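> Build me a model from this:
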Amino acid sequence: MKKTVHVSQTYPRLAVYSEEGYRGRSRVYRGNTGLRNLDNILGGVESLRFFSTSSNATLVVFTRPNFQGGFRVFRGNTNLRDLDDLIRGNDVESLISTNQRLSLEEIRAIRRNRTLPSGYELI
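Residues are numbered from 1 along each chain as shown. Sure thing, here's the model as predicted:
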């Protein structure tokens, strides 16, 4: 019997893993999401996969918890095998995943205010 698989057209999917190379324990988040402290998830997130059908999809990783510090922006589907030393020699400590195209100005406002736009789930 043929199995039907449905891919959400609306929400991005973020899978995080407790070990490098997409190994160990994992957790999946759907929708526009902000993870404010990766050390509090699975005892630490070491790798991730970000998938979205939207061409506007944005993944933003930060060097400090609560969307602070330096950041790096990825557009579209992204697989990061190792979050250590990813941003100018610093580890990833928090992140935002969304179907929306976040501009650098919007990302800086999030960092400055430490708040996500409405419609985002804060974890």
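
> Tell me which stretches of the protein form helices.
All helices of the chain, identified by DSSP state H, fall at 104-113.

> Tell me where the model's unsure across it.
Residue ranges of the chain with pLDDT under 70: 1-10.

> Tell me the buried residues in stretch 58-72?
By neighbour count on 16 or more other C-beta atoms under 10 Å, the buried set for stretch 58-72 is 58-69, 71-72. All C-beta atoms are positioned from the backbone trio N, CA, C, and that covers glycine.

> Could you double-check that residue 41 lies in contact with residue 29?
No. Using C-beta atoms under 8 Å, residue 41 is not in contact with residue 29, being 9.4 Å away.

> what's the closest of the buried residues of stretch 58-72 to residue 95?
Closest approach between the buried residues of stretch 58-72 and residue 95, by C-beta to C-beta: residue 61, at 4.7 Å.

> Looking at strand pairing, list the partners for that closest one.
Note on residue 61: beta-bridge partners residue 72, residue 95, judged by DSSP bridges.

> what about it, distance to residue 112?
Shown here: residue 61 relative to residue 112, a distance of 17 Å by C-beta to C-beta, to the nearest Å.

> swap in residue 72?
As judged by C-beta to C-beta, residue 72 and residue 112 stand 17 Å apart.
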